[in-house]
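A.B. asks: Okay, predicted coordinates and the sequence, questions at the end:
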Amino acid sequence: MNGKTIMLVAFYNKKALGVRYLEGALRARGYRVHVVFFKDFNSIHPERVTEAELKLLVEEIRKHEPMMIGLSVMSSMYLDTVNSVIETIQENCTAPVVCGGAYATMFPNYFLDKGVPFVIRSDGEIAICRLADALARGEDPSGIPSLCSMKDGAAQINEIGDILNEIDGYGLPTIECESACFIEHDSMVEGDPQKGTLSYEVIASRGCPFTCSYCCCSNLRKLLPAGIKGVRTRSVKSVIDELILAKQKCKKIVFVHFYDEIFPNLPGWVDEFVVEYKKHIDLPFTIWSHPKAIDPEVLKKLVSVGLTEVIMGIQSGSTRIRRDVFHRYETQEDIINATRMIRESGVFWCSYDFMLQHPFETIEDLKESYYLAKEMYGPFELQLHGLNFLPGTDIVPMAIEAGYYTEEEMDAIMYAPMEEQFNAYWKQNISRESDLWYKMIDCLQYKSLRSKVIRFEEDPLSHGDEIDRLYAKAKKLERWRYLYKKSRIALKRVIHI
């Protein structure tokens, strides 16, 4: 098999863990892999692909002459770029394309209908190697588990299989791609763009135990074969081995970001982790958590070896919205207690997500978010954003059934150009009253503004100008706070403050 090249394309993600796992699996199988990191992520000013960038991709294809091209399609938000890439490959190359990733897993027909010959659903490490082997030998790959293809003019959607419970068996992701390039701003740079990173992203597990309606994780979990656990955790040794390599390859790392939906909390796992992490890694790190998953004793252990930030989704201060719309079942007390335990555990930075100003929300719901934020233990950072409707999530049919959108209107929202989707993701100007409550929530995170904004909570509409001025100050404070946060984390790396 040696000498045969496979090209993998990652969209809007220079870290692209999924692609790096596939590269590791293919290289272990004896294939040469060339990775194209196509475009960088920017949620504020996302940029569409240009003709010049597509031409650069074609040049890479002609240069490396791949036997197969794999596209990682994790999200519907950049499908316009993916579609342009597919069309460009079809017009300029005969190598078969295979799509994978979360979106491809849920909607394989979307790509088969566009003439893409293969789609891999769920974990792709084993399936892509079997597909590559079959193509290299000139064999029919259509019977490979997890593979979808067209046969006799009809879509053949194979059952998902070749999935491991013990995910250490997939090996480690590639830290530094041996052959890679980065295409962005009408130019191409040779080499792995991760090499100079200051922060390294790692996942210690796959899957999420919760059922949030705005997320596809619960529906992806339903696709797994019988006997495969919804949450699968790597061994501590596997995680530490990866981070040791990351420190060796990426010399500038000052921070580690655990990208697990919920950081592992299995019996004995954290105890082993804190020993090995302190011994071999000893870098500040951040985790994601959930109000139902906060354990103060676990947090204290993690803080002792470098836990610097906890990011936790709250999403709404309205019990009705959380329970009936978002399918989150924590109580107000659960949330407040979680924020208290995070603070008391000594975590340096606490970031809490809220999704506000969406069709399901009333002014009363928005007020409840304000009053909950007011009760939460600080200091904290609030990450306020809107609700983004994504294909394959349970909240989409809920919005249609509630009459907020027709199916056609929802499709127009979900498959709009990514600039429109990201604009909708951030703050919405629904009404003056909604706008003022939103701004007051934002101001609560700043000690210097909190007491001032509280004076206006009885009648925000009569104090609109004052609230606007406070919000303008909040935006300036946000920039200074960001610099403070980053500088403190960098100092922690050097002097362990």
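C.D. replies: Arrived safely. On a predicted model such as this, the values are computed, not experimentally measured, just so you know.
A.B. asks: Please enumerate residues in contact with stretch 40-58?
C.D. replies: Stretch 40-58 has contacts (CB atoms under 8 Å, 6 or more residues apart in numbering) with 9, 12-14, 36, 38-39, 78, 80-81, 84-85, 88, 92-93, 182-184, 186-188, 417-419, 422, 425. C-beta here means a position set from N, CA and C on the backbone, and glycine is covered the same way.
A.B. asks: and if you look at stretch 127-134?
C.D. replies: 1, 4, 6, 22, 25-26, 29, 31, 67-68, 70, 98, 100, 118, 120, 139-141, 144-147, 162.
A.B. asks: Give me the PyMOL select line for the residues you listed, limited to the buried ones.
C.D. replies: A single PyMOL command selects the buried members of the contacts of stretch 127-134 (16 or more other CB atoms under 10 Å):
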select buried, resi 4+6+22+25+26+29+31+67+68+70+98+100+118+120+141+144+145+146+147+162
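A.B. asks: Out of the contacts of stretch 127-134, list just those in helices.
C.D. replies: When DSSP state H defines the helices, the subset of the contacts of stretch 127-134 inside them is 22, 25-26.
A.B. asks: Asp394: which of the residues you listed is nearest?
C.D. replies: Of all the ones in helices among the contacts of stretch 127-134, Leu22 has the smallest distance to Asp394: 28.6 Å, by CB to CB.
A.B. asks: just to revisit the earlier point, got the ones in helices among the contacts of stretch 127-134 as TSV, with pLDDT and distance to Leu461 columns?
C.D. replies: Formatted as TSV, the ones in helices among the contacts of stretch 127-134 follow (pLDDT from 0 to 100; distance: CB to CB, whole Å):
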residue	pLDDT	distance to Leu461
Leu22	98	54
Ala25	97	59
Leu26	97	60
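A.B. asks: what packs against the lowest-mean-pLDDT helix or strand in the chain?
C.D. replies: Ranked by mean pLDDT, DSSP states H and E, the helix or strand of the chain with the weakest confidence is helix 418-425, at a mean of 78. Secondary-structure packing of helix 418-425 (3 or more CB pairs under 8 Å, 6 or more residues apart in numbering; DSSP states H and E): helix 407-414.
A.B. asks: so the helix it packs on versus helix 418-425, what angle?
C.D. replies: Counting by axes from the mean of the first three to the mean of the last three CA atoms, to 10 degrees, helix 407-414 lies at 100 degrees to helix 418-425.
A.B. asks: who touches helix 407-414?
C.D. replies: Residues from elsewhere that reach helix 407-414 (CB under 8 Å, 6+ apart): 76, 389-391, 396, 399-400, 405, 421, 424.
A.B. asks: right, and out of those, which lies closest to Glu297?
C.D. replies: Leu390 (35.4 Å).
A.B. asks: Could you give the number of residues near Gly169?
C.D. replies: 11 (other CB atoms under 10 Å).
A.B. asks: Check for me that it belongs to a helix.
C.D. replies: Yes: using DSSP: H, G, I helix; E, B strand; the rest coil, the assignment for Gly169 is a helix.
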